[in-house]
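K.L.:
below: sequence and its predicted model.
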Amino acid sequence: MIGNLLPFLMFGILAAALLARPLSRQSLVSMPVALILLGFFSSEIWVWLGQDTGLRWEILRDLVFYLLLPILIFEAAVNINVQQLRSEGLLVFSLAVPLLMVATLLSAMVIQSLVGGLLGHTWALAFLCGSMISATDPTTAGAILNGSDSSDRVVSILRGESLVNDATTITLFIMISSLLTIPGYDLNWLEFAGRFSLVLAGSVLVGLFLGWLFDRIIRPLDDVVLTTSATLVLAFASFWASEHVLGWSGVVATLSAGLTIAWLQRKDLEEQDVAFAFGSWRTLGFLADAMLFFLVGMSITIDMFHIHWLAMLVGVLAAVISRAVIVFFGAGLLSRLPRQKPLSMGEQNLVLWGGIRGAVAIALALSLSTEVPHWYTIQSMVYGVALFSLVFQAPIFSYFSKRRRQK
């Protein structure tokens with residue numbers, strides 16, 4: 001069936017390449033939204049003609065988890081400014097780990113209170129939904145912020161937070177969804193928290209070691225093509241070693257490996273010496289994004305909005321409320337600690353609207369196992385949050401960002 005799906009993926013890449021420049025000149029329709037619409041209409045026409053698109057859960061899971069996610073995570077890691085990430089370390093890692101867990105819990109509480117019946121009144125499913133809608137997207141925020149000063153504090157916080165919380169969210173998703181597929185399993189939250197902490201710590205160490213090892217290997221080569229090839233191997237090797245050999249988190253290891261090798265390479269080498277290798281990853285990230293958003297359009301159905309509109313609305317409400325709480329009562333208060341520069345109300349407002357849900361939330365929804373109870377309701381809810389974020393939240397954030405730069 002992958003043969004049926006391949007032409008659609010290639011069409012998505014071609015469409016992204018042709019639309020990139022025209023769409024960058026206006027703010028009404030973003031690239032993700034355009035690709036989602038193209039994916040939806042092309043697949044609907046194809047099915048109307050009596051043809052098979054090749055969409056199958058098994059194919060989507062393998063494609064998303066073993067190809068697209070490692071590329072997206074590694075690309076964001078090697079192209080982020082590590083020094084800026086360190087300078088805002090407290091806020092970035094607070095938003096990306098403990099405050100993300102708070103957002104997940106708050107979202108789960110809202111979902112369970114308002115539409116718990118749609119999920120069988122199961123807290124584990126509500127928590128799974130909360131984790132999926134709490135991940136922010138570094139690629140979408142980065143595209144909007146392209147024209148802004150890269151040294152801007154809000155830019156550094158948003159990019160750093162989005163990068164780290166993606167890995168945290170994906171780890172949460174994998175652990176919870178895998179447990180939910182075990183018949184009769186009763187989730188022990190204390191045991192789960194311990195296992196989650198162990199997985200995060202172990203995966204970070206795997207990435208640190210492999211990033212250091214590959215830096216030792218490629219440094220004497222002094223060849224940009226070989227460096228690019230080696231980093232490609234590193235991205236998937238770190239994912240495979242952590243996910244399949246050790247049973248930990250592949251995405252956390254990939255993130256850690258990317259940050260490590262980017263820091264080591266830039267620490268001792270000139271930027272122009274590493275620009276080609278790391279710049280090549282932007283192309284790979286562009287291709288992965290194009291395929292991902294096109295797949296979303298293909299998997300959307302009219303029935304999704306007709307049957308699960310309430311779940312979608314509640315998901316949006318949960319996402320907005322939880323984001324506001326962790327920004328104004330979390331990051332805002334933490335920024336007033338000693339040795340920290342306080343976030344102004346305007347900066348907090350930007351951090352709120354800059355928490356755009358996109359590629360990662362959609363990737364998780366696409367790869368959700370059909371064995372998970374109420375999987376279609378959960379997928380519809382996440383789609384609703386991502387579409388709201390891309391269609392409405394992104395323009396609002398862009399507007400506030402431009403106003404701030406004009407002052």
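P.N.:
Looks like it came in fine.

K.L.:
any idea how far Leu14 lies from Gly285?
P.N.:
As judged by C-beta to C-beta, to the nearest Å, Leu14 and Gly285 stand 17 Å apart. In this view, the C-beta of every residue, glycine as well, is placed from N, C-alpha and C.

K.L.:
thinking Leu99 is in contact with Ala324, fair?
P.N.:
No - at 11.9 Å, Leu99 and Ala324 do not qualify as touching, with contact defined as C-beta atoms under 8 Å.

K.L.:
and the helix or strand in which Phe214 is found, what other elements does it pack with?
P.N.:
Element membership for Phe214, per DSSP states H and E: helix 189-218. Where contact means 3 or more C-beta pairs under 8 Å, 6 or more residues apart in numbering; DSSP states H and E, helix 189-218 is packed against helix 153-180, helix 224-240, helix 250-268.

K.L.:
can you list the buried residues in the first one?
P.N.:
Put plainly, it is helix 153-180. 153-177, 179-180 (16 or more other C-beta atoms under 10 Å).

K.L.:
chain center to that helix: distance?
P.N.:
On the basis of C-alpha atoms, centre = their mean, to the nearest Å, helix 153-180 is displaced by 7 Å from the centre of the chain it belongs to.

K.L.:
same deal with the second one?
P.N.:
Chain-centre distance of helix 224-240: 21 Å, with C-alpha atoms, centre = their mean.

K.L.:
contact partners of it?
P.N.:
Residues outside helix 224-240 that contact it (C-beta atoms under 8 Å, 6 or more residues apart in numbering): 66, 70-71, 74, 78, 206-207, 210-211, 214, 217-218, 221, 250-251, 253-254, 256-258, 261, 273-274, 276-278, 280-281, 284.

K.L.:
can you give me the buried ones in that helix?
P.N.:
So for helix 224-240, counting by 16+ other C-beta under 10 Å, buried means 224, 227-228, 230-232, 234-240.

K.L.:
what do you get for the last one?
P.N.:
By neighbour count, with 16+ other C-beta under 10 Å as the criterion, the buried positions of helix 250-268 are 250-266.

K.L.:
by contact count, what packs against it?
P.N.:
Short answer (3+ C-beta pairs under 8 Å, 6+ apart): helix 250-268 packs on helix 69-78, helix 82-87, helix 153-180, helix 189-218, helix 224-240, helix 271-299.

K.L.:
angle of the third one against helix 250-268?
P.N.:
Between the axis of helix 153-180 and that of helix 250-268 there is an angle of 150 degrees, by axes from the mean of the first three to the mean of the last three C-alpha atoms, to 10 degrees.

K.L.:
and the angle for helix 153-180 with helix 69-78?
P.N.:
Calculated by the same axes, to 10 degrees, helix 153-180 forms an angle of 150 degrees with helix 69-78.

K.L.:
check the fifth one too.
P.N.:
Following the same axes, to 10 degrees, one obtains 120 degrees for the angle between helix 224-240 and helix 69-78.

K.L.:
hang on, the earlier thing: next, format the helices and strands packed on helix 189-218 as CSV and append distance to Gly130 and mean pLDDT.
P.N.:
Listed next are the helices and strands packed on helix 189-218 as CSV, based on distance: least, C-beta to C-beta, whole Å; pLDDT from 0 to 100:
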stretch, distance to Gly130, mean pLDDT
helix 153-180, 9, 83
helix 224-240, 25, 88
helix 250-268, 18, 87
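
K.L.:
want to throw the ones you listed into CSV with distance to Gly354?
P.N.:
Below are the helices and strands packed on helix 189-218 laid out as CSV (distance: least, C-beta to C-beta, whole Å):
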stretch, distance to Gly354
helix 153-180, 4
helix 224-240, 26
helix 250-268, 20
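
K.L.:
contacting residues around the spatially closest residue to Glu161 that is not a sequence neighbour?
P.N.:
Leaving aside its chain neighbours, Glu161 sits nearest to Leu95 (4.3 Å; criterion: C-beta to C-beta, 6 or more residues apart in numbering). The neighbourhood of Leu95, defined by C-beta under 8 Å, 6+ apart, consists of Ile157, Glu161, Asn165, Ile326, Val327, Gly330, Ala331, Val351.

K.L.:
please name the residues that touch the residue nearest the centre of the chain.
P.N.:
Nearest to the mean C-alpha position of the chain, by C-alpha atoms, centre = their mean, lies Val360 at 2.9 Å. By C-beta under 8 Å, 6+ apart, the contact list for Val360 reads Leu69, Leu72, Ala135, Asp137, Asp166, Thr169, Ile170.

K.L.:
from Ile302, how far off is the nearest residue to the fifth one once chain neighbours are set aside?
P.N.:
Leaving out its chain neighbours, the residue that sits closest to Asp166 by C-beta to C-beta, 6+ apart is Val360, at 4.7 Å. When C-beta to C-beta is applied, the distance between Val360 and Ile302 equals 25 Å.

K.L.:
tell me how many other residues crowd Asn283.
P.N.:
One thing to correct before we go on: residue 283 is Thr, not Asn. Thr283 has 10 neighbours, counted by other C-beta atoms under 10 Å.

K.L.:
let's see the pLDDT reported for it.
P.N.:
Here the pLDDT value assigned to Thr283 is 88.

K.L.:
check Ser197 too.
P.N.:
Note on Ser197: pLDDT of 86.

K.L.:
same question, Ser131
P.N.:
Note on Ser131: pLDDT of 90.

K.L.:
state the distance from the residue nearest to it when sequence neighbours are not counted to Ile133.
P.N.:
Closest residue to Ser131 apart from its sequence neighbours, by C-beta to C-beta, 6+ apart: Leu172 at 4.3 Å. Separation of Leu172 from Ile133 (C-beta to C-beta): 12 Å.

K.L.:
got the contact list for Phe65?
P.N.:
By C-beta under 8 Å, 6+ apart, the residues touching Phe65 are Gly250, Ala363, Ser367.

K.L.:
and it, helix, strand or coil?
P.N.:
helix (DSSP: H, G, I helix; E, B strand; the rest coil).
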